[in-house]
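Peer 1: Just to be clear, the model below is a prediction. Sequence and coordinates:
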Amino acid sequence: MDPLVSVVIPVCNVEPYLHECVTSVVEQTYTNIEIILVDDGSTDNSGTLCDEFALSDSRICVFHKKNGGLSDARNYGIRRSHGSLISFIDSDDYVSPDYIMHLYQALVRGKTDIATTSICIFHDGELPKEHKHNTAVFHMYDACDALEDMLYMRHLEPNAFPKIYKRELFDTIQYPVGKLYEDIATTTKLIDKAGKIAYLDEKDYYYRIRPNSIQTASFNPKKLDLLDQLNVVKTIVRTKYPSVINAYYSKEQSALFNLYMNMSPDGTKEILGIADDLWNGIKNNRISVLKDREARPDARIASLLSFLGPIPCRCVYRLVRK
């Protein structure tokens, strides 16, 4: 018999999207699943919808808890799951019918503890672009190559999705509670612990960009959590995978530049101090990034623009963005 897969879905104020998400999981071709809906203190009708879903399918388990954030909800779901394999889906996204099947097949084929597919990004209110399935594209990465690929943002995603994990990986690893951008450091730890990862080039996970998402929201100091999480990654890379350090600096440069450009030049004294720190980080990285032929174009462009100075750099950035 195929092993039980626990699909953990944190839920918080996603009433317009929840039906599409849960239905896509219920309709999986891999049927030996349990669906863990963690209602993380929703104030809309999401919690009630979760209870209604549970009445329609015995594989659905619902837990209602005080709001603790995405990481806390994921950790909570892991603790209450029963499967030997675990997968995460965000409740405003949805998946193809073969999502879990493809992940499981890749896991078995690769004889590894983590397998991943690709994501299809679309904006809320739009239809995802059609894509050709190509199950022939399968690749195995050791931990070093996987981290390099992820940090250069080539194929592997830093997110908790679109992946499947052997349960024992979470015996010593949890998602950091109360942090934004919680995925990248945790995914780095999981890849390091697993030692290798299987990749199947199937765009089975439909990732929705919402107007009020963390990616599109204006700057607030909590966004600096990204730098804290990247520092965790840097420590692991420097200690265990020094050959990947250039990939790390490429990723960090993109992050620093995006944070800096999202800040208001007319902010408070505290915000302006943070901006200075970000700018200094950009300057510190720019030479190594420009020398790195593998660095992402956005990181290289950010490094070049930094030579103009803060004000001209902002002007050019805003002109290009229009």
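Peer 2: The structure has been received and is ready for your questions. Numbering: from 1, shown residues only.
Peer 1: Can you classify residue 251 as helix, strand or coil?
Peer 2: helix (DSSP: H, G, I helix; E, B strand; the rest coil).
Peer 1: my bad, residue 43
Peer 2: coil.
Peer 1: Export only the CA atoms of the helix or strand bottoming out on mean pLDDT in the chain, formatted as CSV.
Peer 2: For the chain, using mean pLDDT, DSSP states H and E, the weakest element among its helices and strands is helix 310-321, scoring a mean of 84. Output of helix 310-321 as CSV, limited to C-alpha atoms (Å, rounded to 0.1, in the frame of the first residue of the first chain):
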residue,chain,number,x,y,z
PRO,A,310,21.4,56.3,-3.6
ILE,A,311,19.4,59.1,-5.2
PRO,A,312,20.2,58.5,-8.9
CYS,A,313,19.8,54.8,-8.3
ARG,A,314,16.3,55.3,-7.0
CYS,A,315,15.4,57.6,-10.0
VAL,A,316,16.6,55.0,-12.5
TYR,A,317,14.8,52.2,-10.7
ARG,A,318,11.5,54.1,-10.7
LEU,A,319,11.8,55.0,-14.4
VAL,A,320,12.4,51.3,-15.3
ARG,A,321,9.5,50.2,-13.1
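Peer 1: Distance of residue 152 relative to residue 299?
Peer 2: For residue 152, the distance to residue 299 equals 9 Å [C-beta to C-beta, to the nearest Å]. Just so you know, the C-beta spots here come from the backbone N, C-alpha and C atoms, and that holds for glycine as well.
Peer 1: Residue 189 is in contact with residue 237, isn't it?
Peer 2: No. Using C-beta atoms under 8 Å, residue 189 makes no contact with residue 237, being 11.7 Å away.
Peer 1: who has more neighbours, those two?
Peer 2: For residue 189 versus residue 237, the count of surrounding residues by other C-beta atoms under 10 Å is larger for residue 237: 25 against 17.
Peer 1: Surely the more buried one and residue 244 touch.
Peer 2: Yes. Using C-beta under 8 Å, residue 237 is in contact with residue 244, at 5.1 Å.
Peer 1: Need the overlap of contacts for these two.
Peer 2: 147, 151 (C-beta atoms under 8 Å, 6 or more residues apart in numbering).
Peer 1: okay, residue 152 and residue 299: which has more neighbours?
Peer 2: residue 299 (26 against 20).
Peer 1: I figured that one hits residue 289, correct?
Peer 2: Yes. Residue 299 lies in contact with residue 289 (C-beta under 8 Å); the separation is 5.2 Å.
Peer 1: any shared contact partners between the two?
Peer 2: Residues touching both residue 299 and residue 289 (C-beta under 8 Å, 6+ apart) are 250, 253.
Peer 1: Go ahead and name everything in contact with the least confident helix or strand of the chain.
Peer 2: 261, 265, 279, 305-306, 308.
Peer 1: Show me which of those has the smallest pLDDT value.
Peer 2: pLDDT across the contacts of helix 310-321 is at its lowest for residue 265, which sits at 71.
Peer 1: What segments of the stretch 101-250 of the chain are helices?
Peer 2: Secondary structure of the stretch 101-250 of the chain (DSSP state H, counting those that start in this stretch): helices at 143-151, 183-194, 225-240, 245-261.
Peer 1: do you know which of those lies nearest residue 170?
Peer 2: helix 183-194 (8.2 Å; C-beta to C-beta).
Peer 1: Tell me the helices and strands packed up against that closest one.
Peer 2: On a contact count with 3 or more C-beta pairs under 8 Å, 6 or more residues apart in numbering; DSSP states H and E, helix 183-194 meets strand 114-123, helix 143-151, helix 225-240.
Peer 1: Just say helix, strand or coil for residue 61.
Peer 2: strand.
Peer 1: What is the burial count for it?
Peer 2: Count around residue 61 with other C-beta under 10 Å applied: 17.
Peer 1: in the protein, which ranges drop under the pLDDT threshold?
Peer 2: Applying pLDDT under 70 to the chain flags residues 130-136, 212-219, 266, 322.
Peer 1: report the longest helix in it, please.
Peer 2: helix 269-291 (DSSP state H).
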